[in-house]
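Undergrad: from the sequence below, what's the structure:
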Amino acid sequence: FADEPVAEDNPLLAVDDVVVTPHLGASTSAAQENVATSTADQVVAALAGEPVMNALNAPSVDKSAFPRIEPYIRIAETAGRIATQLFDGRVAEIDVVYEGDIAEEEIDLVTASALKGVFTPLEWQVNAVNAPHMAEERGIEVSETKTMQAEDFQSLVTVSVGDGEDSLAVCGTLFAGDDPRIVRIDGYRVDAIPHGHMLVARNEDAPGVIGFIGTVLGEVDVNIAGMFNARRAAPGGEALTVYNLDDEVPEETLTQLLEDERLIEAKYITLNGTLDE
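TA: Modelled structure (predicted):
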């Protein structure tokens, strides 16, 4: 009808075998209340950067599938955060690779969370809803790859960032179902707990380097909560160590570390606001 509710003198109302409804047959008071509540819930979720069910213009996921991908949403975001903080170049390319069981799932929301992780340290106003659009607007090329084969892991998510020439990849997975781990950084095999404050050091694989780093951190009362060391080749090459710390590393401490010729790179990373929530 042109006007609703229909006028009381409309002749159709007098016809016994005609049922007259609003333009939306399910537009009852109860239905309108449920729609309003659902809409409000999804607006709150979007503003909080959380999954938005039944979205038309943003990544969404079926409720039944969400429990299976939820842990990987956090892993992808964390891997993205680590990758962009370790990468020295301008981020122009982002590649997200899914291996194993996770490759069977709907992963649009996981990819969006990986983009959010990459963009957050750049201090962009980003969430999982607007991250894909932000990448498009800034001319950042995003690729997504799935493979059912996952070497050594049931599922693996890899986030790579690059500038067209150089790139850096960070891989994450779940241990024992719900224990997130970073298992590779720039090709180095590690077993790092993605949490809070971290120091990633690349150095000559020589005696005394780890002790030197621990001493320097101790001098500024930065406690080491955990440490994960890896090297690519035989002794005497390069090694990479991930330190979980209880506190932030001062800039002058990083400078002091790099004054030692055995240190190639030392970068402080913060993951507060991701897995700490």
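
Undergrad: what's the helix or strand for I69?
TA: Per DSSP states H and E, I69 falls inside helix 66-86.

Undergrad: report the buried residues of that helix.
TA: Under the neighbour-count criterion of 16 or more other C-beta atoms under 10 Å, helix 66-86 has 66, 69, 71-86 buried. Backbone N, C-alpha and C define where each C-beta goes, glycine included.

Undergrad: other SSEs contacting it?
TA: In terms of contacts (3 or more C-beta pairs under 8 Å, 6 or more residues apart in numbering; DSSP states H and E), helix 66-86 is packed against helix 108-119, strand 155-162, strand 167-175, strand 179-185, strand 197-204, strand 263-270.

Undergrad: hey, which of those is tucked in deepest?
TA: helix 108-119 (a mean of 27; mean count of other C-beta atoms under 10 Å).

Undergrad: what's that one in contact with?
TA: Helix 108-119 has contacts (C-beta atoms under 8 Å, 6 or more residues apart in numbering) with 49, 51, 58-61, 69, 72-74, 76-81, 83-84, 91, 94, 96, 98, 102, 126-129, 131-132, 134-135, 142, 144, 157, 159, 161, 274.

Undergrad: how many residues are close by V126?
TA: V126 has 20 neighbours, counted by other C-beta atoms under 10 Å.

Undergrad: thinking again about what came up before, would you turn the helices and strands packed on helix 66-86 into JSON lines with mean pLDDT and distance to M148?
TA: Converted to JSON lines, these look like this (pLDDT from 0 to 100; distance: least, C-beta to C-beta, whole Å):
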{"stretch": "helix 108-119", "mean pLDDT": "93", "distance to M148": "16"}
{"stretch": "strand 155-162", "mean pLDDT": "96", "distance to M148": "10"}
{"stretch": "strand 167-175", "mean pLDDT": "95", "distance to M148": "15"}
{"stretch": "strand 179-185", "mean pLDDT": "93", "distance to M148": "19"}
{"stretch": "strand 197-204", "mean pLDDT": "94", "distance to M148": "31"}
{"stretch": "strand 263-270", "mean pLDDT": "94", "distance to M148": "31"}
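
Undergrad: of all the ones you listed, which one is nearest G226?
TA: Comparison of these against G226 by C-beta to C-beta identifies strand 197-204 as nearest, at 9.5 Å.

Undergrad: and the next helix or strand past the closest one?
TA: helix 209-219.
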